[in-house]
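In: Give me a 3D structure for the following:
(2 chains)
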Amino acid sequence: DTAVSQTPKYLVTQMGNDKSIKCEQNLGHDTMYWYKQDSKKFLKIMFSYNNKELIINETVPNRFSPKSPDKAHLNLHINSLELGDSAVYFCASSQDFSGEQFFGPGTRLTVL
Amino acid sequence: KNEVEQSPQNLTAQEGEFITINCSYSVGISALHWLQQHPGGGIVSLFMLSSGKKKHGRLIATINIQEKHSSLHITASHPRDSAVYICAVFEYGNKLVFGAGTILRVKS
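Out: Model (predicted):
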């Protein structure tokens, strides 16, 4: 039973499109995160939610909008996709804000 | 300059060798994480520590809070240890900040 799952695993789309990535965790954790890993494999936090409330919102374009319908889900919606959005996006969760993090398998987004 | 610096960037070792990866950071932290990213892309948390030393199998992680430095050691390395090892620090009440990673290749 996968602890943190993401869908889809791969996403190829055209510039200008709107797309969503879904994340679900079955660990009963209170905190969830979205990270972006660029082409140089550097990880950077985008958003963090605790109990469905936005805690961290890094300097991410407002084309990116996270949504947490409940504690177990944190989805990422991206409007008007650009070439520079191509990356691997990882979802993660932790019991609380500074706890050990469990990562999803990643979603490789390619914008053409 | 990144708040978290790892060295070396790349490391090639022979099977059986003792390996050390270093991490230095410049901010106040509440905890430090060591992560492993497999060649397939998945990320696994190896250790989370805020003081002293932790051991899990052939992996040992140490941290010196005063010197703002942590090390990850792998004893009796094996080709299956080949991966990217990432140090990340949890800034007080804030967020995880990642190092650039160390690419380890263990040859048989």
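In: Around chain A, pick out the residues from chain B.
Out: For chain B, the residues in contact with chain A (CB under 8 Å from any CB of the partner chain) are B:30-31, B:33, B:35, B:37, B:41-45, B:48, B:84, B:86, B:88, B:90, B:93-98, B:100-101. (Glycine included, C-beta is placed from N, CA and C.)
In: Run me through the strand neighbours of the least confident helix or strand in chain B by mean pLDDT, direction for each.
Out: Taking mean pLDDT, DSSP states H and E as the measure, strand B:96-98 is the helix or strand of chain B with the lowest mean score, a mean of 89. When sheet partners are counted by DSSP bridges, strand B:96-98 sits next to strand B:83-91 (antiparallel).
In: related to what we said a few turns ago, now the angle from the helix or strand that the least confident helix or strand of chain B is followed by to strand B:83-91?
Out: Proceeding C-terminally, strand B:96-98 gives way to strand B:102-107 as the next helix or strand, assigned by DSSP states H and E. In terms of direction (axes from the mean of the first three to the mean of the last three CA atoms, to 10 degrees), strand B:102-107 departs from strand B:83-91 by 150 degrees.
In: in its sheet, what does strand B:102-107 sit against?
Out: Pairing partners of strand B:102-107, with direction, according to DSSP bridges: strand B:10-14 (parallel), strand B:83-91 (antiparallel).
In: if we look at it, which residues are touching it?
Out: Defining contact as CB atoms under 8 Å, 6 or more residues apart in numbering or on different chains, one finds that strand B:102-107 is touched by B:6-15, B:17, B:19, B:21, B:74, B:77-86.
In: got it, and stretch B:55-68?
Out: By CB under 8 Å, 6+ apart, the residues outside stretch B:55-68 that reach it are B:24-26, B:32, B:34, B:46-47, B:49-54, B:69-77, B:81.
In: mean confidence for it?
Out: The average pLDDT within stretch B:55-68 is 96.
In: For chain B, which segments are assigned as strands?
Out: Secondary structure of chain B (DSSP state E): strands located at B:4-7, B:10-14, B:19-25, B:29-37, B:43-49, B:52-56, B:59-64, B:69-74, B:83-91, B:96-98, B:102-107.
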